[in-house]
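Colleague: based on what follows, work out the 3D shape:
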Amino acid sequence: MLDKMKIKNLTKIMVCILSKQVTTKADLVENTELSNSTVSSAVNSLIKLDLLEKAGFEESIGGRRSAIYKMNSSYAHFLGIGLYKNNIHFVITNFAGEFVESFDIEIEPSASVIKILISAIEKVMGTYPKIIGIGIGLDAEINYKEQIIISCDAYNWKQVHLKEILERKFLTFIYIDHLANGVAYRERLFGYAKETDNYLCYHESAQTKAALVLNNSICRGQENYTGKIDSIHEFFEHIDIFIKFLDVSKIIIRYFTEEFKNMANQLAKEHQKIIICIEQMDNDVEIGMAISAQREWFKSVYFML
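Modeller: Just a heads-up that it's a prediction; the model follows:
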């Protein structure tokens, strides 16, 4: 079994490579603040495990050329799932965090959401047998440490052990989080929060919660509900207070309806140096959940063994 410190270092390097897509050992040392020997050892371990591969060499500027590394995209797949009131959205990503396929399933009234989930995951795994982790996002109060859904109004769930149910069924790593946090993590790796340690992310798909990231860590609170918002208007009306109180360097707002866009653009005009207002991209949430699951998979017993 790998020790905890090595897992921590491997996870740092994996996240860095996911974000940059290709990198060198020197870049990893600079961006992870790990030593040369630690980075070299970790990269060699990742290559032996077939998780990482060489992608050529840098152009020579005199002296020895540095090798370029990237994630082995064909190593495995991850599944990102967004649970909504009337439908479930599924996205498959490869090991490099890249989009592969997506599909939706409508939820009929009084249908069992867990049965629908199990049936859909079975079909996905029939097509993608190398799925090694599943990230599930939903609007709910969550005991993040224990991964228990305390309450989810959309499905009238109380104290649902969804992670345990699915892991026992599929013997595959399951990770559960609020939809907003999945969006925030995707924004950190691939979006407008790159190289930003303190930011607020508000996404129209997850409008009951704004994800707050401080010192590059999501602020969760007692029930993973830091940033809870009762309405869209509440967020926009109190934006000045958020800016002053939270002292974040960026507020990223993504929209898909015209009403949300107009309100967000007005705020962006008033706070041009802080607020970034952009259209929501397809699969934002689910890709965020897939890569969140990938990051957490490195810390799980599924990888350590």
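Colleague: CA atoms of the lengthiest helix in the chain as PDB?
Modeller: Criterion DSSP state H: the longest helix present in the chain is helix 4-20. Output in PDB follows, covering the C-alpha atoms of helix 4-20 (Å, rounded to 0.1, in the frame of the first residue of the first chain):
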ATOM      1  CA  LYS A   4      -0.200   8.900   2.700                       C
ATOM      2  CA  MET A   5       2.600  11.400   1.900                       C
ATOM      3  CA  LYS A   6       3.200   9.800  -1.500                       C
ATOM      4  CA  ILE A   7      -0.500   9.800  -2.200                       C
ATOM      5  CA  LYS A   8      -0.600  13.500  -1.400                       C
ATOM      6  CA  ASN A   9       2.300  14.200  -3.700                       C
ATOM      7  CA  LEU A  10       0.900  12.100  -6.500                       C
ATOM      8  CA  THR A  11      -2.500  13.900  -6.200                       C
ATOM      9  CA  LYS A  12      -0.800  17.300  -6.400                       C
ATOM     10  CA  ILE A  13       1.100  16.300  -9.500                       C
ATOM     11  CA  MET A  14      -2.000  14.700 -11.100                       C
ATOM     12  CA  VAL A  15      -4.100  17.900 -10.600                       C
ATOM     13  CA  CYS A  16      -1.300  20.100 -12.000                       C
ATOM     14  CA  ILE A  17      -1.000  18.000 -15.100                       C
ATOM     15  CA  LEU A  18      -4.800  17.800 -15.600                       C
ATOM     16  CA  SER A  19      -4.900  21.600 -15.500                       C
ATOM     17  CA  LYS A  20      -1.900  22.200 -17.800                       C
END
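Colleague: helix or strand right after that helix?
Modeller: Where DSSP states H and E defines the elements, the next helix or strand beyond helix 4-20 is helix 25-32.
Colleague: identify all contacting residues around stretch 215-223.
Modeller: Stretch 215-223 has contacts (C-beta atoms under 8 Å, 6 or more residues apart in numbering) with 141-144, 150, 181, 184-185, 188, 197-198, 211-213, 226-227. Just so you know, the C-beta spots here come from the backbone N, C-alpha and C atoms, and that holds for glycine as well.
Colleague: filter these to the buried ones?
Modeller: Buried members of the contacts of stretch 215-223, counted by 16 or more other C-beta atoms under 10 Å: 141-142, 144, 150, 181, 184-185, 188, 198, 211-213, 226-227.
Colleague: now these in TSV, with distance to residue 59 and secondary structure?
Modeller: As requested, the buried ones among the contacts of stretch 215-223 are arranged in TSV below (distance: C-beta to C-beta, whole Å; DSSP: H, G, I helix; E, B strand; the rest coil):
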residue	distance to residue 59	secondary structure
141	52	strand
142	47	strand
144	45	coil
150	54	strand
181	39	helix
184	36	helix
185	33	helix
188	29	helix
198	35	coil
211	39	strand
212	41	strand
213	35	strand
226	45	coil
227	44	coil
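Colleague: closest one of those to residue 43?
Modeller: Nearest to residue 43 out of these is residue 188 (C-beta to C-beta; 22.2 Å).
Colleague: verify the stated contact: that closest one with residue 213.
Modeller: Yes: under the criterion of C-beta atoms under 8 Å, residue 188 makes contact with residue 213 at 6.9 Å.
Colleague: what sits in contact with each of the two?
Modeller: Residues touching both residue 188 and residue 213 by C-beta under 8 Å, 6+ apart: residue 196.
Colleague: surely residue 225 meets residue 141?
Modeller: Yes: counting by C-beta under 8 Å, residue 141 is a contact partner of residue 225 at 5.5 Å.
Colleague: what does stretch 48-65 rub up against?
Modeller: Here stretch 48-65 makes contact (C-beta under 8 Å, 6+ apart) with 14, 17, 22, 24, 43, 46-47, 66-72, 75, 95.
Colleague: show me how to select, in PyMOL, the buried members of the residues you listed.
Modeller: In PyMOL, this line selects whichever of the contacts of stretch 48-65 come out buried by 16+ other C-beta under 10 Å:
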select buried, resi 14+17+24+43+46+66+68+69+70+71+72+75+95
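Colleague: return the member of the contacts of stretch 48-65 nearest to residue 6.
Modeller: The nearest member of these to residue 6, counting by C-beta to C-beta, is residue 46 at 10.9 Å.
Colleague: my guess is that closest one meets residue 10, correct?
Modeller: Yes: taking C-beta under 8 Å as the definition, residue 46 is a contact partner of residue 10 at 6.6 Å.
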